[in-house]
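Chemist: Task: produce atomic coordinates for the following.
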Amino acid sequence: MSKITRRQVLGGAAALGATAAAGSAIAHSETSAMPALKHNVYFWLKNPDSREDRDALIAGLKTLADIPSVKAISIGVPASTEKREVVDNSFQVSELLMFDDVEGQDAYQVHDIHKKFVDDCSHLWEKVVVYDSIAV
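Modeler: Predicted structure coming up:
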């Protein structure tokens, strides 16, 4: 078994750092092409322990991907990350929709698929919070 020197460890760490920096530069250039408007929605279910209600809401949310102005969609549930004062994981389901611009988000709001989703699923939730942001 060969002995690893401190110099080899530091050299390896430097190489990893350079690789991470290069990866971060690539990620940054790719994000510049990302849609500009992010529509984050958090849902609290009337029956928070109902897996059936959660699954029905998730199925309804998936239909929103068919709206032409929706450029990307991500649906999630609370992660089991570290409990900290700044983390709110009291919701049951979240969605992130991305749009090219405010006009795309406006078109989404009045689209028939969105209206049907609200009609079909609004009985499932007791609270919804929306955070919209635009890229800077």
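
Chemist: Could you confirm Tyr42 falls within a strand?
Modeler: Yes: remark: Tyr42 belongs to a strand, assigned using DSSP: H, G, I helix; E, B strand; the rest coil.

Chemist: roughly how far apart are the closest residue to it other than its chain neighbours and His114?
Modeler: In space, and not counting its chain neighbours, Tyr42 is closest to Phe91: 4.2 Å by Cβ to Cβ, 6 or more residues apart in numbering. C-beta here means a position set from N, CA and C on the backbone, and glycine is covered the same way. Look at Phe91 and His114: by Cβ to Cβ, to the nearest Å, they are 20 Å apart.

Chemist: need the contact list for Ser94.
Modeler: 40-43, 75-78 (Cβ atoms under 8 Å, 6 or more residues apart in numbering).

Chemist: Run a quick neighbour tally on Gln42.
Modeler: Just so we're on the same page, residue 42 is Tyr rather than Gln. 20 (other Cβ atoms under 10 Å).

Chemist: That one pairs with what?
Modeler: With DSSP bridges applied, Tyr42 shows beta-bridge pairing to Ser94, Val129.

Chemist: Cool, thanks, talk later.
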